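Chemist: Kindly generate the corresponding structure for this input.
(chains A, B and C)
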Amino acid sequence: MSTPDDKTKEVSADAGGEEAVASFEGVDEKEQGEGPGGFVILFFIIGFVASLIIGWVIFPKLLYSQKRQPVDFNHAIHVETVGNGCESCHIFREDGSYAGVPKLAQCADCHQEVQGENPEEKIFVEEYVAKGKEVPWLVYSKQPDCVFFSHTVHVKLAGMDCVTCHGPIGESTSLKPYEENRLTGYSRDIWGKSMSGIKKNSWDRMKMDDCAECHEKETGRKSSVQTDKDACFVCHK
Amino acid sequence: MKEEQSKEKVKKFGMVIDLDKCTGCGACMVACMAENNVPFKEDESKKLDSITWLRIYKLTNGKPFPDADICYLPRPCQHCGGKGDHGHSPCVSVCPATATDYNKETGIVSQIYTRCFGCRYCMAACPYHARYFNWWDPVWPDGMEKYLSPNVSVRMRGVVEKCSFCFHRYQLAMDKAYYEGRREIEENEYQTACTQACPAGAIAFGDLNNPKHAVHELKKSSNAFRLLERLQTNPKVYYISGREWVRRAGDNYLKDEKK
Amino acid sequence: MKIDRRCFLSLGIGGAAGLALSPIPWKLADDSAIWTQMWPWTPVPADGETTYVKSACTLCPGGCGISVRKVDNRAVKIEGMEGHPVNDGGICLLGLSGLQLLYGPTRVKTPLKRAGERGEGKWVKITWEEAISEVAKKLGDLRENGESSSVACISGTDKGSVPTLFKRFLSVYGSPNFMRMPSVLDSYELALSLSFGFAAQQGFDLEKADFILSFGSGIIEGWGSPVRMIRAKSSWRESGGKTVQVEPRLSNTAAKSDKWIPINPGTEYALALGLAGVIITKSLYRNDFVKGSTSGFDKFAGLVLSAYTPDAVEKITGIKKETIEALAVNFARAAKPVAICGRGQGRAQGSLGELMAVQALNALVGNINKEGGIFAFPNPGYMAWPDYIADNIAAAGIKKERADGAGSGNFGYAKNLTNRFAETVKSGKAAVNVLFVLESNPLYSLSDTNTVKEAFKKIPFIVSFSSFMDETATNSDLILPNHVYLERYEDVYVATGLSKPVVSLSKPVVSPQFNTKHAGDALLLIAKKMGSPVADSFPWKSYGACLEEILGGKWGKLVKEGFWTDSASSAPVFKTSSGKFEFAGGFIDLAALFAPVNAEGDPKAYPLLLIPYDSMRIASGYIGDPPFAVKTVEDTVLKGKDALVEVNPATARAGGFSEGSYAILKTPKGSAKVKVHLFDGIMPGLVAMPRGLGHTAYDNYLAGKGINVNELIGTVEDPASGLDAAWGIRANLIKA
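Modeler: Numbers count the residues shown, from 1 in each chain, chains lettered A, B, ... in the order given. Prediction:
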């Protein structure tokens, strides 16, 4: 930092007094305010901002791979056409188990031939229905192997709405890209939709704690001796 | 919802094994392994690390020929309830990871493999040697993975596993019941794989609290005993034998000690 | 102003602070934790629709019905079929392990032709057309040369449509050599044909019997139809049925019986005759049945009363005469007593005399063709085969003497003497140029393995239809792999030990996993390729069409329910020349019939006796023990790769052995290194070893473990029948 004496020397040494004055008056606010530690704070802020950007913007892009579904399925049209809600295609079987994403046979019922004009449907009929090949759908809500989830209990017994856990997929006109966590292999819809972990909608995250939260509120069961909450085997296998 | 659940009766699933009918054929051991995705190695003769959730022990009366006698005893996880069935099983009491837990509604001791980090404290605590450790990654040769059942988790190495009283069958039976609008399941809707397979009909499985289930009456037999009763683990597996020496083999009695 | 170290430090601190406020460390830690919970290389089985397929198990002759659970198109669990007349929901550990055979590494995946020497393991993959052509050409050449009777077939069973097709083929081709793997069924058949006078199989209504006297039969260890017998044993606990087990070793059956009577091995026939003598002496036999429906009683009584008194029998068997007398009285006084024989699972034939002696007991108590007794069924007649056309070559060929000698000379009544096959071929007495092997593993399962190996060397062309790379397949020249039972339609007939014959239908549970072909289809293709006249007797387009046609009206019921009981079957008529039950089958020389069978070997060099035993946990027939079953074998039977033999502690001490000591087990047929296991349940002087170990083929889960007891035991020909009467062999244990 320059001392007042130095500054006077500088000014008087200068040939053009106006310039010197101008330069003296045109001093940057920041420079004036910081004093001798100015750069340190600057670098701190640079480092801080940079890592924030890396953490919040770049990291998610690296962590999640964007995969495309094999066929770009339009939920909205189908819900409209078939008209019985989610259960018209995502059916329950007679033994109470849930069929999940429908198999080729179900789709082929209507789509033996191309029904509309969408090029995606053409791909579906030619590559999959004609060849009898099951479509390798990427399931957004796929839970780990240790999870036992009974759709019957939640939909039939508890009367829950599909949207509560799955979000409004039924209204979408195309399938969003499947963002797969490169480390764990699970979909971003399970954990990581909002990197801050703050849930806006109930379907933003579906890890154990999310299920437990609802279970505590709705069932109030205390069958576990260790945790005084629901027992482990209720949701695990 | 909360009210309905508290009205559901507390179940206590248990087993009664008639040792006079057991032939030692081993069908129960294999039924369990086939049902529960249990792995196998090339050399399974080292019984300390051979994983058999249900293991048949061969008991002998120690007498010389021709008075020798043998008896086979199948030993699943005993699902100990601890004193008063408050869930203080030896294994549950020591697990540092809450990987094993006692379910007060069904009486079953659960094992969640994803929480287990393999400290094996539970194996040390279990007096029945009912718990097994995956020292190695499971290897299914050449396409045998196809027979793995999706109803039971496949374990990786480093976790402990044990008999679960085929709990996945309970989950599936309840699913079916809920779908049909019922809240209770019949005795024959939830049976373990070993009970179902036993050709001699030596194993009975059901709700010990339910007077309509076979095990409720069978356990009251005067010939019924449990293993290591005096440890007060309160196990749920009862054994029946008409032979005195077999009943005495159920605990560590001193030679002249009265039962 | 300078950019100095403090700037970079603050850059770092700023970065760290930002990092802590960003999701990176928290998300990475959580994701890593999730990654460790389930490593990516651990399989995650795919979920799907659960369905059940009813079928039948063919892994042993028991014929149980099974229900196979599938998830989408994968089979995931085999369970017993509820309501099936044989097993009603029960199942044994071999049946439960069936999926390991279906999906396992020992499957032969495509037709193979040998390259290199036999047994080297070098194979060339060929197409089915090539394989069929090669077989057809070989057979065609032999037939032209007039050598059609030099073609032979060894099959696990002779019942059911596929073995019948093979037998039909040989008949049309011109060979009498359809042979069935030896078992106690051979002895029963022979005894029945002599006593009852027609080709019959034995049935037992054991559930309703109240006193079962078993001469070494492994009632709960796989005798007859295994699951059905185990269920019967449990039912006797409720009905009060008593079992008495006569055998030298405390088997599981003996331990579970109401009374175990240890007996000197090989002397069971003497005990049976002694018991008959007591029953006759005390007039406890059913007079009306004996007088009215039997012939030859006086001669029989003469022999037993003179030569088999309780004192004499005590000397032979080692059983106290008081025990013998009490047993005879208890047996005869029971309401529905039955005597059964066939050691262990009935793998060994036993002497005709032994079977006749046991049969005589049943005749004395009159429990024949009655509820709770024994039955004689005619051979299965549920199939409607069209007549086949035999040309001159065929007619001439069928009349030639069989390779095993059955049906001619001294053995005129016998149908199957496959136990003699190895010796006749090895010695050159029988010339065999082509051998078909179907659902059996003769190179492993036949006694006296060395002789079998020598015999096989003399057969220039061996064709195996095995689904697995077993010992016989490994040593064959061409493998035409059959579908595994879970991939094929087939009728499964079982009468062994039942009270009424049952036919089950094995159905394809999954589509064929590899390039295999149903043995029935392969045979039909061979026949077609050979052209007339052979092809004329095989008009069917496929085996499936053939099966449907010959089953006729039963096909619908079989497909729907999975089984059909032949409730009309039972022939209470004796068809002997006397029209009655023939004691001792009408043999003239009773002393020759009821002769003792000595174990092979010099007692001085071999002071001990080696007896084999059967275990439910170790499959010893065509199927090699799957990994799950091997896992259940105790470490007192198999430890690492070492076989353990059971020895009485007194005998072991005398030889200087203790628990776990190594020893060389030597018999006249061979020697093997074993470990000693002390067992109080075995008679002193005996050494016992289980059947089913000592495989050299299959995979690492089975091969190289233990010893094949067939390598150590030879055959002992029963002069009265040609059957293999060996019950063991003399042996010695030497310090290793």
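Chemist: Now find how far off-centre stretch B:130-150 is within its chain.
Modeler: Chain-centre distance of stretch B:130-150: 19 Å, with Cα atoms, centre = their mean, to the nearest Å.
Chemist: Show me what the mean pLDDT comes to for it.
Modeler: Throughout stretch B:130-150, pLDDT has a mean value of 94.
Chemist: close to chain C, is it?
Modeler: Yes: using Cβ under 8 Å from any Cβ of the partner chain, we find that stretch B:130-150 touches chain C at B:137-138, B:140-150. Where you see a C-beta, it was placed from the backbone N, CA and C, and this is true even at glycine.
Chemist: out of those residues, which are buried?
Modeler: B:138, B:140-141, B:144-150 (16 or more other Cβ atoms under 10 Å in any protein chain shown).
Chemist: Chain A: which of those is nearest?
Modeler: B:Pro150 (8.3 Å; Cβ to the nearest Cβ).
Chemist: Okay, that closest one and C:Phe465: tell me how far apart.
Modeler: 35 Å (Cβ to Cβ, to the nearest Å).
Chemist: how about the residues of the stretch 401-550 of chain C that lie near chain B?
Modeler: C:Gln513.
Chemist: who touches the single nearest residue of the stretch 401-550 of chain C relative to chain B in this structure?
Modeler: Across the stretch 401-550 of chain C, no residue is closer to chain B than C:Gln513, which sits at 7.6 Å (Cβ to the nearest Cβ). Contact analysis of C:Gln513 by Cβ atoms under 8 Å, 6 or more residues apart in numbering or on different chains lists B:143, C:102-103, C:107, C:487.
Chemist: can you pick the most crowded of the residues you listed?
Modeler: The residue in the contacts of C:Gln513 with the most neighbours, by other Cβ atoms under 10 Å in any protein chain shown, is C:Leu102 (25 neighbours).
Chemist: List the contacts of the most centrally placed residue in chain A.
Modeler: By Cα atoms, centre = their mean, chain A has its centre lying nearest to A:Lys193, at 2.1 Å. Going by Cβ under 8 Å, 6+ apart, A:Lys193 touches A:204-205.
Chemist: Quick check: residues of chain A near chain B?
Modeler: Taking Cβ under 8 Å from any Cβ as the measure of proximity, chain A contacts chain B at A:92, A:94-97, A:144-146, A:148, A:150, A:152-153, A:156-158, A:218-227, A:231-234, A:236-237.
Chemist: Of the residues you listed, keep whichever come out buried.
Modeler: A:92, A:96-97, A:144-146, A:148, A:150, A:152-153, A:156-157, A:219, A:221, A:223-226, A:231-234, A:236-237.
Chemist: A:His78 is in contact with A:Gly85, isn't it?
Modeler: No: if you go by Cβ atoms under 8 Å, A:His78 and A:Gly85 don't touch, sitting 11.0 Å apart.
Chemist: who has more neighbours, the two?
Modeler: Using other Cβ under 10 Å as the criterion, A:His78 and A:Gly85 rank with A:His78 on top: 15 against 12.
Chemist: For stretch A:64-72, buried residues please.
Modeler: For stretch A:64-72, burial by neighbour count (16+ other Cβ under 10 Å) applies to A:64, A:69-71.
Chemist: which other residues reach it?
Modeler: Applying Cβ under 8 Å, 6+ apart, the set of residues contacting stretch A:64-72 is A:120-121, A:123-124, A:128, A:135-138, A:174-175, A:177-182, A:188, A:192.
Chemist: how about C:Gly601, phi and psi?
Modeler: Main-chain dihedrals, C:Gly601, degrees, to the nearest 10: phi 120, psi 150.
Chemist: Quick check: which ranges of the stretch 1-150 of chain C have low pLDDT?
Modeler: C:1 (pLDDT under 70).
Chemist: Show me which residues of it are close to chain B?
Modeler: Residues of the stretch 1-150 of chain C lying near chain B (Cβ under 8 Å from any Cβ): C:37-39, C:41-48, C:71, C:74-80, C:87, C:89-93, C:96-97, C:99-100, C:102-105.
Chemist: mind running it again at 7 Å?
Modeler: Residues of the stretch 1-150 of chain C lying near chain B by Cβ under 7 Å from any Cβ of the partner chain: C:37-39, C:42-47, C:71, C:74-77, C:79-80, C:87, C:89-93, C:96-97, C:99-100, C:103-105.
Chemist: Sitting in helices, which of these do you find?
Modeler: In helices, judged by DSSP state H, the following of the residues of the stretch 1-150 of chain C next to chain B are found: C:37, C:93, C:96, C:99-100.
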